[in-house]
Structures are given as structure tokens and as C-alpha cells.
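1. mind looking at a prediction? Sequence and model below.
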Amino acid sequence: MWRFLFVTVSLLFTVPAISQEQDSVWVYGVVVDGDTIPVISLKEARIYAYSRVLTAKEERQLTRLMKNVKIVYPYARMAGIKLLEYEDTLALAPDDQARRKIMKKVEEQLNAEYGDELRDLTVTQGKILLKLIDRETGETSYELVSELRGDFRAFFYQAFARLFGLNMKTGYDPEGEDQDIEYIVHLIETGQL
């Protein structure tokens, strides 16, 4: 009998002690009509789905476009970042001649660093790169070259690009013809691709 009483009393003191050792979770709440409703903040989740049914041919084309955008997108991002870096340097240049010298050095540096990789791009990847540079900088490639290296150089590069069926004056249209590229870029930026 004493053992039973001892075990019962021991259990009465240990059970509340065990329940008090557990960690608590604090949740914000809102009182509505006398009821407390827990409020939990979640991270924003974007869901992208392709809006139309694709044929087998369209699916292959989209897969190829995804591959090409994944190859070219880092270069476009880098171009946007480098342009912001060099804008400050160019703003401090006293005249156009000094700006052109700075840009010539920058062009040589970028050519040494990325020239071989960019020469290995296909024509299609080059076309996508031109569009993505416009997306990142807000200016077409022709405008950038004209502004940074001069009108003659921009004209020369445009003539050379036209030989390969490219147009440096083509802008980026995320709502129109470049809708698929915009979709892919969003997938890359959110880490889904």
C-alpha cells in the first residue's frame, strides 16, 4: 500500500515537471469576435506555369530556349552590373576623349576575360543575349555601344551583326515575342530552373 501511494505521489510530481520542460512556440494572434486566431507569416511563393498546351515540336523548342537562356543569362546580368560600375567612372571623366579611352580599356579587359566564351556562343544565343542585355540595362545594345564607344563603332557592329541575321536595335518585349524568355528568366531567378 505504501509503495502504491509512493508511486502515485511520485508520478503526480514528475508529470507536471516533464510537461513544463517542453519548448514553447509563440505565435501571434488576432482576436475576432472573442476567438483568438493564430497569425503566421509565410514567405511569398511565386508559382509559374506555362499557360498553353504544347505540341511535341513546341516542347523541344522551349527546352532548347531554356538551355540557351541558362547559358546566356549570366553574361547579361554581368553586363548590367558592369555598366552600373562604369557609369560612376565615366561620370568623373573630364571630356569625351577621356571617356573613350576608359571605355577602350574596359573593352580590352572584358574581351580578355570573356572574349573566348562569348565567341563560342551560337547565333541564337547571341540574339538572346542582345535581348537580355536590353532587359538588364533598359537600353538596346546599339544604344549602349553608341553611347559608350561612339556612333561609328555602333554602326560597324550593327552592320556586322546584320551579316549573321541579328539586329542590335531590337528591344526586349516581355509581354510580346519575348514572353517565353521572360518566363524562363523568372524560373532562373526563383531557383526553379
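-> Nice, I can see it.
2. in the longest helix anywhere in the chain, what counts as buried?
-> Scanning the chain for the longest helix, with DSSP state H as the assignment, gives helix 56-91. Using 16 or more other C-beta atoms under 10 Å as the test for burial, helix 56-91 gives 65-66, 68-69, 71-73, 75-77, 79-80, 83, 90. No exception for glycine: its C-beta is placed from N, CA and C like everyone else's.
3. roughly how far is it from the heart of the chain?
-> Relative to its chain's centre, helix 56-91 lies at 9 Å (C-alpha atoms, centre = their mean, to the nearest Å).
4. name the helices or strands packed onto it?
-> helix 96-119, helix 123-137, helix 179-189 (3 or more C-beta pairs under 8 Å, 6 or more residues apart in numbering; DSSP states H and E).
5. taking helix 123-137 as reference, get the angle to that helix.
-> Going by axes from the mean of the first three to the mean of the last three C-alpha atoms, to 10 degrees, helix 56-91 is angled at 50 degrees with respect to helix 123-137.
6. pick the most buried one from the helices and strands packed on helix 56-91.
-> Highest mean neighbour count of the helices and strands packed on helix 56-91: helix 123-137, a mean of 20 (counted as mean count of other C-beta atoms under 10 Å).
7. by how many degrees do it and helix 179-189 diverge?
-> 70 degrees.
8. ok, residues contacting helix 123-137?
-> 65, 68-69, 71-73, 75-77, 79-80, 83, 121, 140-141, 144, 161, 164-168, 170-172, 174, 178, 181-182, 185 (C-beta atoms under 8 Å, 6 or more residues apart in numbering).
9. these two touch, right, Lys169 and Tyr142?
-> Yes - look at Lys169 against Tyr142 with C-beta atoms under 8 Å: they come within range, at 4.6 Å.
10. the two - which one has more neighbours?
-> More crowded of Lys169 and Tyr142, by other C-beta atoms under 10 Å: Tyr142, with 21 against 16.
11. show me which positions of the strand or helix carrying that one end up buried.
-> For Tyr142, the host element (DSSP states H and E) is helix 141-149. Within helix 141-149, the residues scored as buried using 16+ other C-beta under 10 Å are Ser141, Tyr142, Glu143, Leu144, Val145, Ser146, Leu148, Arg149.
12. before we move on, back to that, turn the helices and strands packed on helix 56-91 into a markdown table, columns for distance to Trp26 and mean pLDDT.
-> Output for the helices and strands packed on helix 56-91, formatted as a markdown table (distance: least, C-beta to C-beta, whole Å; pLDDT from 0 to 100):
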| stretch | distance to Trp26 | mean pLDDT |
| --- | --- | --- |
| helix 96-119 | 51 | 78 |
| helix 123-137 | 43 | 83 |
| helix 179-189 | 33 | 85 |
